[in-house]
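Participant: Let's see this in three dimensions:
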Amino acid sequence: MKRRGYDLNRIAERVAEIYGMETREIMSRGKQPRKVKARSLFCFWAVSELGMSIRDVAKRLEMSPPGVGFSVARGQAIAHENEYYLID
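Facilitator: This is a model prediction of the structure:
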């Protein structure tokens, strides 16, 4: 994915497109259900598609590594249930 030009910003843009929100909303704190789902999908793709470490994603989002770990698992379920793909 990195070779295709994907980075965290591009992932955030794709997630924002899916959820109809601004990319800054994904990166900001908050526990609103839609924001939690968007951030979870973001974490899943950052870890699984870009190969980033949970620790690096946690620093970027100002979250704890265990919180990102839970988000990755939740994001995986969201992606599979809704058939969301990073690349259409």
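Participant: can we go C-alpha only for contacts and neighbour counts from here?
Facilitator: Will do.
Participant: Spell out, range by range, the helices that occur in this structure.
Facilitator: Taking DSSP state H, the helices of the chain run over residues 8-19, 23-27, 33-48, 54-61, 65-82.
Participant: just for this structure, where's the confidence low?
Facilitator: Within the chain, no range satisfies pLDDT under 70.
Participant: spatially speaking, which residue is in the middle of it?
Facilitator: Nearest to the geometric centre of the chain sits F42, at 0.6 Å (CA atoms, centre = their mean).
Participant: in terms of contact, does it touch A12 like I think?
Facilitator: Yes: the pair F42 and A12 passes the contact test of CA atoms under 8 Å, sitting 6.4 Å apart.
Participant: Mind listing the shared neighbours of the two?
Facilitator: Common neighbours of F42 and A12, using CA atoms under 8 Å, 6 or more residues apart in numbering, are I26.
Participant: follow-up on the earlier one: I'd like the helices of the chain as CSV, with distance to D88 appended.
Facilitator: Formatted as CSV, the helices of the chain follow (distance: least, CA to CA, whole Å):
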stretch, distance to D88
helix 8-19, 10
helix 23-27, 19
helix 33-48, 14
helix 54-61, 23
helix 65-82, 12
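Participant: Single out the most deeply packed of the ones you listed.
Facilitator: Sort the helices of the chain by mean neighbour count, taking mean count of other CA atoms under 10 Å, and helix 33-48 sits at the top with a mean of 22.
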